[in-house]
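Novice: okay, predicted coordinates and the sequence, questions at the end:
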Amino acid sequence: MSSRVSQRPRCPRCNLPPHLCLCAEIPRVETRTRFLLVQHVVETWKKSNTGRVAALALANSRLLIHGAQGESLDTALLSEPGTWLLYPDGPTVPPDAPAPRQLVVLDASWSQARRMTQRVPVLRALPRLVLPPPEPGMLRLREPTHPSGMSTLDAIARAVAALEGPEAAAPLERLAALRVQRIAECGTLY
């Protein structure tokens, strides 16, 4: 805890420094699909984390923490009928499959997400929504470690566009772009 106390102050809601705070800009996005964000415990207080902002924007979402000492992940939520996993690799769902009722999103680095899928058997069994790689020129703060890698907020915006149309995804895309723009204008990664 003491390491966080010595850091610069951050907004308790969006986790960004006060001069970059996005809280006033976070839209309320209604979706048919429920988003279940499974956040790796290491990501919880990272300034670069976008999963928390995505969860704040999505009315039909829930944020769970994975890997906290002494706590286990409630896998019953992951096993609900109609649940898919948003993941950059693996077998895709047949085109004629019904849309998911719930989409699990791993909010973690690529290596953390890979380990999560290895250690949580129910994740390996879920049908996968595989997004195409990001377009060249996509606004980013840094280069991803995986060819299909992108921030959690960008991935969710693209999933919403694929499942519910571009109009539903537009507020999330604007929020992701605004976040990158504010941080870039600051001149450093915070």
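Specialist: That came through fine. Numbers count the residues shown, from 1 in each chain.
Novice: any weak-confidence spans in the chain?
Specialist: Low-confidence segments of the chain, defined by pLDDT under 70: 1-6, 136-149, 187-190.
Novice: please redo it, this time with the cut-off set to 90
Specialist: Along the chain, the parts satisfying pLDDT under 90 run over 1-20, 42-50, 67-75, 88-97, 109-111, 131-151, 179-190.
Novice: R8 reaches P17, doesn't it?
Specialist: Yes: if you go by Cβ atoms under 8 Å, R8 and P17 touch, sitting 5.9 Å apart. No exception for glycine: its C-beta is placed from N, CA and C like everyone else's.
Novice: these two - which one has more neighbours?
Specialist: Comparing R8 with P17 by neighbour count (other Cβ atoms under 10 Å), the higher total belongs to P17, at 17 against 9.
Novice: quick one: contacts for the more buried one?
Specialist: When contacts are counted by Cβ atoms under 8 Å, 6 or more residues apart in numbering, P17 is found next to R8, P9, R10, C11, K47, Y190.
Novice: equivalent analysis for R158, please.
Specialist: Contact criterion Cβ under 8 Å, 6+ apart gives L131, P134, M150, A169 as the residues in contact with R158.
Novice: gap between stretch 48-68 and the chain center?
Specialist: 7 Å (Cα atoms, centre = their mean, to the nearest Å).
Novice: how about stretch 105-120?
Specialist: 12 Å.
Novice: buried ones from the contacts of P17, can you make that a PyMOL selection?
Specialist: Here is the PyMOL command that picks out the buried ones among those, judged by 16 or more other Cβ atoms under 10 Å:
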select buried, resi 10
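Novice: so the residue lying closest to E71 once chain neighbours are set aside, which of the three states?
Specialist: Spatial nearest neighbour of E71, chain neighbours left out: I65 (7.3 Å); criterion: Cβ to Cβ, 6 or more residues apart in numbering. Secondary structure assignment for I65 (DSSP: H, G, I helix; E, B strand; the rest coil): strand.
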